[in-house]
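**Q** Requesting a structural model of the entry that follows:
(one chain, ligands or ions: 2)
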Amino acid sequence: MTATGAPATTRDGATARPIRRLPPLLVNQIAAGEVIERPASVVKELVENALDAGAARVEVELEEGGARLVRVTDDGRGIDRGQLALAIAPHATSKIAEQDDLDRIATMGFRGEALASIASVSRLSIRSRARGSGETWLLETEGETVHEPRPAGGPAGTSVTVRDLFFNTPARRKFLRTAPTEKSRCLDWLRDLALAHPGVAFRLVADGKTVFDVARADDARTRSIDVLGRELEPELLEVSVDRFDDARGVLVWGLVGRPSIARPNARAQHLFLNGRAIKDKTVQHAVREAYRGLIDHGRHPTCVLLIEMAPDAVDVNVHPAKLEVRFRDSSAVHHAVYHGVKEALRKADLTPEIGDALRAPPTPVFGPRGAGGSAELFAARVRELAGEAQRVADSGWADSGWGPPAGGRLDEPGSAPVHAPRTEAIGFAEPAGLAPAPARAARVLQLHDSYLVVEDADGMLIIDQHALHERVMFQKLLERVGRAKGGSGTLESQALLAPAVADLEPSALAVLDDLRPLLATLGIEAEPMGPRSIGVRSFPSLLLSRRVEPAPFVAELLARAERDPLPASEEGALHEVLDMMACKAAVKAGDRLSELEIDELLRLRETVERSSACPHGRPTSVRVTIPQLEKLFHRR
Ligand code: ADP
Ligand code: MG
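**A** Ligands and ions are numbered 1, 2, ... in the order given. Have a look, this model is predicted:
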């Protein structure tokens with residue numbers, strides 16, 4: 001009550017009104033707000049119904065991107081005449097009956113809301129012939145009006161037609177985009193549904209033109225290739241995890257893209273759970289982690305991942321459009337996906353081919369159509385690789401046989417380089433009896449003290465010696481810390497006779513305390529020595545053997561952490577510091593390597609995981625194949 005005695009008002013100033021039950025049409029329209037956003041949501045709901053009805057073939061027709069017409073026709077079990085009106089009633093479903101059913105949902109639908117919602121915002125009709133029945137019936141609705149079913153013609157199965165979507169909710173209609181955009185969203189959904197249901201044939205006809213058509217496939221692999229495009233097949237690696245044998249029961253099958261086809265956004269990640277397309281942070285994170293260090297920061301792996309688990313191990317009733325799910329045991333899912341993808345990547349030779357530069361991007365389906373970003377990135381990559389090829393050509397090795405390049409920086413042009421022997425090891429002493437260094441079979445040339453050119457079975461590899469050594473160092477350091485975690489908890493380190501001292505800004509010194517636990521894991525002991533200098537008492541043996549100066553290293557680390565805080569996660573921070581260590585310890589561009597060092601580096605390349613890319617995701621090696629050489633020299 002205000003001082004003037006005016007009637008109570010609500011916060012926005014409107015006069016308070018009595019509470020009322022909303023009319024059913026409005027209730028359904030409100031429900032539709034959550035589920036039916038655009039024609040693509042209609043396509044999704046209707047196709048899901050067709051799948052639940054056991055269809056073997058589903059056809060979708062669109063007019064004007066679906067705004068004017070969406071029709072989904074299936075050959076499933078159909079709906080009896082007596083049930084037709086119920087199908088479009090709110091909260092009416094044949095898929096669950098009691099509360100317990102919610103814990104083990106095996107169908108795509110269960111909310112009994114889709115048809116009622118769609119009917120409330122469109123002109124909807126259902127034509128259906130139930131299996132075993134000789135009669136086809138047609139039910140028509142318009143807003144609130146539901147007509148009596150009348151006999152019609154047509155084959156067994158169901159055809160649902162949705163005309164003039166949002167004709168009675170103009171505010172909604174305004175949010176629709178252009179017909180081509182809406183059409184492509186419908187297509188995106190249909191592709192996802194097709195990926196998840198290989199045994200069903202799908203077709204999409206838009207304004208009379210067939211834009212998508214996949215036949216029934218025997219397995220998920222065939223279907224995935226049909227949907228993604230055959231030209232992408234060489235870029236895809238198979239993931240397969242069968243953990244049904246253990247109590248946590250997660251089955252993962254999928255195809256993941258080589259790092260070279262990573263995209264600037266995550267839209268080319270197709271994730272499915274029990275036949276349902278989902279968006280899920282746990283799964284996305286597992287995928288990203290599996291690719292860690294294989295792709296540049298800011299790029300996203302491409303994948304199709306089909307996850308299967310017992311229906312009672314997951315709650316699908318947490319999102320109106322069922323796009324999100326809640327796993328009972330999300331760590332089991334994370335584990336299965338992470339290890340599955342990692343293993344697929346580990347088994348593959350990920351060395352990019354220089355031929356990528358000569359080929360058009362093999363990405364007709366994966367990722368956003370028409371978005372410029374990826375094409376630009378690809379073009380940049382082509383330029384990068386082309387530059388690489390040019391540098392190789394410029395170096396002149398091709399004319400001078402396998403001898404050193406003329407005009408290079410070698411001390412004695414034309415003769416075999418003489419190497420001063422070095423004491424520090426390039427790698428790590430392996431336990432005796434393990435992995436004896438094989439006699440080098442391949443011919444190798446060190447170019448400009450920076451690149452190694454190695455003959456291999458397919459042609460040749462061009463290796464960036466620093467990038468490869470950095471990856472090797474990083475991987476070995478990571479292994480050792482991992483092993484140490486179960487044991488002593490630190491990287492093997494050495495006490496310095498006297499503390500090594502370096503100057504630094506007081507602000508950088510201030511982060512020392514925060515970093516102390518991390519430093520301890522790494523075998524670094526450091527103390528402030530006055531307001532602007534730091535003393536290092538112990539330092540990892542490995543870095544010492546690679547002649548990394550302790551005090552400047554720690555000072556730089558602190559300064560960097562102060563400028564740009566380390567990742568919050570323990571693991572992320574560890575990776576970053578190990579990366580810095582690896583970079584410092586690795587041979588540099590410009591370092592002349594001895595035969596022994598080259599052998600050791602090449603041997604480690606074979607044994608170390610993810611050796612195709614440095615920890616930042618840049619390639620360590622590029623392959624030029626014999627056919628590519630033949631092409632360059634017009635031999636074919
Ligand atoms: P839900 O799928 O959650 O059950 P819907 O509103 O989508 O709710 O559908 C309501 C009911 O109509 C379904 O439970 C099903 O029995 C029936 N139905 C809908 N579409 C079809 C179809 N294409 N074939 C057979 N039955 C269908
Ligand atoms: Mg449904």
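**Q** In contact with the residue of the stretch 301-450 of the chain found nearest ligand 2, which residues?
**A** Per C-beta to the ion, K322 is where the stretch 301-450 of the chain lies closest to ligand 2, at 9.7 Å. (Each C-beta comes from the backbone N, C-alpha and C, glycine too.) Residues near K322 by C-beta atoms under 8 Å, 6 or more residues apart in numbering: 108, 276, 316.
**Q** what packs against the strand of greatest length in the chain?
**A** Longest strand in the chain by number of residues, with DSSP state E as the criterion: strand 493-503. Applying 3 or more C-beta pairs under 8 Å, 6 or more residues apart in numbering; DSSP states H and E, one finds that strand 493-503 contacts strand 525-528, strand 533-540, helix 541-545, helix 550-563.
**Q** hmm, who's touching that strand?
**A** By C-beta under 8 Å, 6+ apart, strand 493-503 touches 522-525, 527, 529, 532-541, 544, 549-552, 554-555.
**Q** Moving C-terminal from that strand, which element do we reach first?
**A** Next along the chain after strand 493-503, taking DSSP states H and E as the criterion, comes helix 506-509.
**Q** now for that following helix, which elements pack on it?
**A** By 3+ C-beta pairs under 8 Å, 6+ apart, helix 506-509 packs against helix 550-563.
**Q** Could I get the buried residue list for the helix it packs on?
**A** 550-562 (16 or more other C-beta atoms under 10 Å).
**Q** Near ligand 1, which residues of this structure are found?
**A** Neighbours of ligand 1 within the chain, by C-beta under 6 Å from any ligand atom: 45, 49-50, 53, 74, 76-79, 87, 92-95, 109-116, 158.
**Q** Alpha carbons only: can I get stretch 112-121 in PDB?
**A** Only the C-alpha atoms of stretch 112-121 are listed here, as PDB (Å, rounded to 0.1, in the frame of the first residue of the first chain):
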ATOM      1  CA  GLY A 112       4.500 -37.100 -24.200                       C
ATOM      2  CA  GLU A 113       4.800 -33.500 -25.000                       C
ATOM      3  CA  ALA A 114       6.200 -33.100 -28.500                       C
ATOM      4  CA  LEU A 115       3.000 -33.600 -30.600                       C
ATOM      5  CA  ALA A 116       0.900 -31.500 -28.200                       C
ATOM      6  CA  SER A 117       3.400 -28.700 -28.300                       C
ATOM      7  CA  ILE A 118       3.800 -28.800 -32.100                       C
ATOM      8  CA  ALA A 119       0.000 -28.900 -32.600                       C
ATOM      9  CA  SER A 120      -0.400 -25.800 -30.400                       C
ATOM     10  CA  VAL A 121       1.800 -23.700 -32.600                       C
END
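**Q** Next, check the residues of the chain next to ligand 1 against the strands and list the overlap.
**A** Among those, the members that lie in strands (by DSSP E) are 74, 158.
**Q** what's the next secondary structure element after whichever helix or strand V239 is part of?
**A** If you go by DSSP H and E, V239 is part of strand 236-242. Going down the chain from strand 236-242, the next helix or strand is strand 251-257, by DSSP H and E.
**Q** hang on, the earlier thing: including mean pLDDT, could the helices and strands packed on strand 493-503 go into JSON lines?
**A** Converted to JSON lines, those look like this (pLDDT from 0 to 100):
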{"stretch": "strand 525-528", "mean pLDDT": "92"}
{"stretch": "strand 533-540", "mean pLDDT": "93"}
{"stretch": "helix 541-545", "mean pLDDT": "88"}
{"stretch": "helix 550-563", "mean pLDDT": "91"}
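**Q** and ligand 2, which of these is closest to it?
**A** helix 550-563 (52.5 Å).
**Q** Now do the helix or strand just after the closest one, average pLDDT.
**A** On the C-terminal side of helix 550-563, the closest following helix or strand by DSSP H and E is helix 570-585. Averaging pLDDT along helix 570-585 gives 87.
**Q** what about G257, distance to L237?
**A** G257 sits 8 Å away from L237, going by C-beta to C-beta, to the nearest Å.
**Q** who has more neighbours, these two?
**A** The neighbour comparison of G257 against L237 (other C-beta atoms under 10 Å) goes to G257, with 26 against 18.
**Q** Just confirm the more buried one contacts E238, I think it does.
**A** No - using C-beta atoms under 8 Å, G257 makes no contact with E238, being 11.6 Å away.
**Q** which non-adjacent residue is nearest G143?
**A** N168 (5.5 Å; C-beta to C-beta, 6 or more residues apart in numbering).
**Q** any weak-confidence spans in this protein?
**A** Counting by pLDDT under 70, the chain contains low-confidence ranges at 1-14, 243-248, 355-441, 483-489.
**Q** is it true that E148 lies in a strand?
**A** No - counting by DSSP: H, G, I helix; E, B strand; the rest coil, E148 is not part of a strand but coil.
**Q** That one: how many residues sit nearby?
**A** Neighbours of E148 (other C-beta under 10 Å): 9.
**Q** How about the one 3 residues further on?
**A** With neighbours defined by other C-beta under 10 Å, the count for P151 comes to 9.
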